[in-house]
Structure formats: C-alpha cells, structure tokens
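Chemist: Here you go, sequence then predicted model.
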Amino acid sequence: MDPIRNPFAPGAGTPPLELAGRDELRESLRVALQRSRIGRPAKSAMLVGLRGAGKTVLLDRVRMDAEAAGIHTVRVEAPEGRSLPALLAPQLRQALLRLSQTEAAKAMAIRGLRALAGFARKLKVTYGDIEVGIDYEPEPGLADNGDLEHDLQALVEQVGVAARAAGTALAIFVDELQYVPEPQLAALITALHRTEQRQLPIVLVGAGLPQLRGQMGNAKSYAERLFDFPEIGPLPPEAARQAIVKPLQHEGAGITADPLEEILRVARGYAYFLQVWGSHTWLAARESPLTLDDVRRASAAAVAAMDEGFFRVRFDRCTPRERTYLRAMAELGPGPHRSGDIAACMREKVSSLAPTRSSLIAKGMIWSPNFGDTAFTVPMFDEFMKRIMPAAPAADAGAPSETGRT
C-alpha cells in the first residue's frame, strides 16, 4: 500500500480523517455556544478523559465549528510551569483587537484593551511570565487591583461586553487544564461565573485528565453547577469501526471483518491507538483488502512505536522512585489499586510513599478515581511498564509494610 496515501494520522492532537463517535457532543457544544451568543444561559464544558482518548482533537474540532459559525475563539494549552494569566493575556488581546474592528463594539473593545493593560501591569509583579503588547494606557480602577480573582473577573467581563456589542460570542479553549494551579483555576471559575450571571457571551471549553473534575470542585464548590463534564472515553464499537473503515474507503481500500475486529480488540477503542494500528496495518499490507495477517504483522511495529513515543515520553519525565512506584502499580494490573496494595508491593509504608504519589498526580501520570485509589492516566501503561522494567519492584525484606486502606 502506498505510504504516501496512508489515511491514518497518529500524532499529538493530529486530526483524523474521520472523527467518529463525537457528533452528539459536538452538537451539544454548538447549541451551548449559540445560546450564549444570543444571551441565553449556556454551560461551559470540561472534556475529561485519559490520554489517547481524543480530547485535544475534539477540542480543536469544536473550535473549528465555532469559528465557522462566526463565533470568536481563543485557544491556549496550559503546560506545567506557566501561569494562567501569562497564557490568557496575549490571547485576550488578540480577541479584543478583532472585536474592535466591528464599529458597534469598538468602544467596548478599546476599554477591554485598557483593562488588559492594567491587568498585565499590576499582575506582572506576581506573575513575572506575563508578556503582552500594550495598545492603550490603563484605565485607573479597571482590572488593576493586583488581585488575580478580582482582576481576571473584571477583564473577562469587559471582553464579554465587547463580544455582546459585536453580536457574537467568545469561546475560550484551554487544553491540559489540570496543570493550572488551584488558585488560578479558582480565579478562572469566578470570572466565568460572573459572566454567566450577567448573561455575557463567554463560554469556556476545557480539556484535561479525569482529576480535573475534582480539582475544579476543590477550587470552587459551585463549579459542578457551572460546567458540564462530558467524559471522553473509548469509542463505542460501531464508532471505532467507522474510524478505521471510512479512512480506508476514502482511499478506495477495504478491510475484512476479522482484521477489523482484531484492531478494535488491541486498540481497545481509544482514538489514538486506533490511528496507530490503522496506520501500521496500512504500511504492513501489500494490497486491499487488509487482512488479519497484516494486522498481526503490524502489531509489533505499532507497540514499538508507542513505546518509543507515546509511552516513553511520559516515562522519561519520572524519577527512579516514581518509576518504581509505577512498576509496582503495573505488577498489580491495569488498576485502579488501593494505596495500601501498592505500598505492600513495594514493602513500604503508605505514608512514606505519599510524596511520590502526589508528585505523579501533579505530573499527570496517575489519578485518584476514589479516595485511596490510584489509576494510570495512560491506557495500557501497565503493559508498557512491564516491557521497559521487566523485573518487579525489588522488595526490601527489612522495610515495614503498611497495607491499610488510605
């Protein structure tokens, strides 16, 4: 099969040829954005799910849908080590400059740019990474208290007023939202709450790991009433089939039932894994239709590619002790696992492992589905850990064990 015509796209947020199984959610977000645009109540949304489920791809497709409908959008990714004000300020400036091109919104947009100038100057002391162009002098008393929660609320309100004057809405898209520190997350939630109270056309569409729901609830108790939290999980079987079949059909190729079911079995419905296996099966095949032998030949290459990329890039960020903790989890299976069981596997106390567990949660490697439970944020990571660290964690017979529930 011609590798140039390979219709599958395994990559970090790379849009697939066929975005299967997401139409219902796309439609619900389209409705929310249009309701916001006309001043009707509309919930913002947080897309939550494991790595490889397709959150980033979906986030970007919803953004494309919004822009095609005439809604203004901004998009940021929240990496570790960057402040939310630093990420948002340049994007909000661009949004206000675009809104200022509409005559009916020009005055409100300029006032928003003045608010942004005061916001950036006052918060530069606290968040030294803020870098944003200043187009107008600040307006005294507007978003310039130096308090993030108060100032971000005032700034976002002013952006909402400008968007309403322009007859549009602003959709703010934030990926990897779980990396935003809790005080900054609280400020963002407060700002969105205020715009909802004033029926201003601002909607936040975020994406993050499953712990994001709990993080937002901790930041502000009313977050679960302010946002919807659609779970982005494995595709249902029929949608997973379409994710393989339709790209093949686009290239005039096909696949028979048995190899198709084998791809679904090994990829387990996860959007990224479907793309990986589809791509490697295409490369392994000599002709159409793709066969079961093609899938079997492709599987070794698919696993190796994920080990070197998707899995390894996360493994390399971990300290030796964190890797041992992850290997102990893998020894117990896919999970989730009780903290006491992991500690028993390592022959250590639960309390002594708490800092390691917390660090892995902060890095987005694991999460806690329930109190005292620990699970991988990356599907199939237990299998990878056994491949890269074949030996089980070394047991120190002299170390105390604490297997109680925690």
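Modeler: Nice, thanks for sending it over.
Chemist: Am I right that Ala375 falls within a strand?
Modeler: Yes - counting by DSSP: H, G, I helix; E, B strand; the rest coil, Ala375 falls inside a strand.
Chemist: That one contacts Leu360, doesn't it?
Modeler: No - the pair Ala375 / Leu360 is not scored as a contact, 11.1 Å apart, by CB atoms under 8 Å. For every residue, glycine as well, the C-beta is placed using N, CA and C.
Chemist: Next one: Glu67 relative to Ile38, how far apart?
Modeler: 18 Å (CB to CB, to the nearest Å).
Chemist: quick one: the helices in the stretch 251-400 of the chain?
Modeler: Taking DSSP state H, counting those that start in this stretch to define them, one finds helices in the stretch 251-400 of the chain at 257-267, 271-284, 292-306, 312-315, 320-332, 339-346, 350-362, 381-388.
Chemist: which one of those helices is the most hemmed in?
Modeler: helix 271-284 (a mean of 25; mean count of other CB atoms under 10 Å).
Chemist: Give me the mean pLDDT for that helix.
Modeler: For helix 271-284, the mean per-residue pLDDT is 96.
Chemist: Same question for stretch 293-303.
Modeler: Averaged over stretch 293-303, pLDDT sits at 96.
Chemist: ok, and what's touching it?
Modeler: The contact list for stretch 293-303 (CB atoms under 8 Å, 6 or more residues apart in numbering) reads 259, 262-263, 266, 276-277, 279-281, 283-286.
Chemist: got the CA positions of it in PDB?
Modeler: Only the C-alpha atoms of stretch 293-303 are listed here, as PDB (Å, rounded to 0.1, in the frame of the first residue of the first chain):
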ATOM      1  CA  ASP A 293      -2.000 -11.300   8.800                       C
ATOM      2  CA  ASP A 294      -1.500  -7.600   8.000                       C
ATOM      3  CA  VAL A 295      -2.800  -6.600  11.500                       C
ATOM      4  CA  ARG A 296      -0.600  -9.200  13.200                       C
ATOM      5  CA  ARG A 297       2.500  -8.100  11.400                       C
ATOM      6  CA  ALA A 298       1.700  -4.500  12.200                       C
ATOM      7  CA  SER A 299       1.100  -5.100  15.900                       C
ATOM      8  CA  ALA A 300       4.800  -5.400  16.800                       C
ATOM      9  CA  ALA A 301       5.600  -2.200  14.900                       C
ATOM     10  CA  ALA A 302       2.600  -0.400  16.500                       C
ATOM     11  CA  VAL A 303       3.600  -1.400  20.000                       C
END
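Chemist: next one: that stretch to chain centre, how far?
Modeler: Here the centre of stretch 293-303 is set off from its chain's centre by 29 Å, with CA atoms, centre = their mean, to the nearest Å.
Chemist: now stretch 131-149
Modeler: Counting by CA atoms, centre = their mean, stretch 131-149 comes out at 29 Å from the chain centroid.
Chemist: hmm, back to that, rebuild the helices of the stretch 251-400 of the chain as JSON lines, extending it with distance to Ala78.
Modeler: Listed next are the helices of the stretch 251-400 of the chain as JSON lines, based on distance: least, CB to CB, whole Å:
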{"stretch": "helix 257-267", "distance to Ala78": "28"}
{"stretch": "helix 271-284", "distance to Ala78": "20"}
{"stretch": "helix 292-306", "distance to Ala78": "25"}
{"stretch": "helix 312-315", "distance to Ala78": "17"}
{"stretch": "helix 320-332", "distance to Ala78": "22"}
{"stretch": "helix 339-346", "distance to Ala78": "27"}
{"stretch": "helix 350-362", "distance to Ala78": "13"}
{"stretch": "helix 381-388", "distance to Ala78": "22"}
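Chemist: Quick one: closest of these to Phe119.
Modeler: Between Phe119 and the helices of the stretch 251-400 of the chain, the tightest spacing by CB to CB is seen for helix 350-362, at 27.4 Å.
Chemist: And the average pLDDT for the closest one is what?
Modeler: Computed over helix 350-362, the mean pLDDT rounds to 95.
Chemist: repeat for stretch 29-37
Modeler: For stretch 29-37, mean pLDDT is 96.
Chemist: Ok, stretch 382-396 next?
Modeler: For stretch 382-396, the mean per-residue pLDDT is 84.
Chemist: again, but for stretch 328-347
Modeler: 94.
Chemist: now do the same end-to-end measure for that stretch.
Modeler: 10 Å (CA to CA, to the nearest Å).
Chemist: List every C-alpha atom in stretch 14-34, with coordinates, as CSV.
Modeler: Extracted C-alpha coordinates of stretch 14-34, given in CSV (Å, rounded to 0.1, in the frame of the first residue of the first chain):
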residue,chain,number,x,y,z
THR,A,14,-3.4,15.4,14.8
PRO,A,15,-7.0,15.5,13.3
PRO,A,16,-8.0,12.1,11.9
LEU,A,17,-9.7,11.8,8.5
GLU,A,18,-12.8,10.5,10.3
LEU,A,19,-13.8,11.9,13.7
ALA,A,20,-16.1,9.1,14.6
GLY,A,21,-18.5,8.9,17.6
ARG,A,22,-18.3,12.6,18.6
ASP,A,23,-21.3,14.1,16.7
GLU,A,24,-23.7,14.3,19.7
LEU,A,25,-21.2,16.1,21.9
ARG,A,26,-20.2,18.5,19.1
GLU,A,27,-23.9,19.3,18.6
SER,A,28,-24.4,20.0,22.3
LEU,A,29,-21.5,22.3,22.4
ARG,A,30,-22.7,24.1,19.2
VAL,A,31,-26.0,24.7,20.9
ALA,A,32,-24.3,26.0,24.1
LEU,A,33,-22.2,28.4,22.1
GLN,A,34,-25.2,29.7,20.0
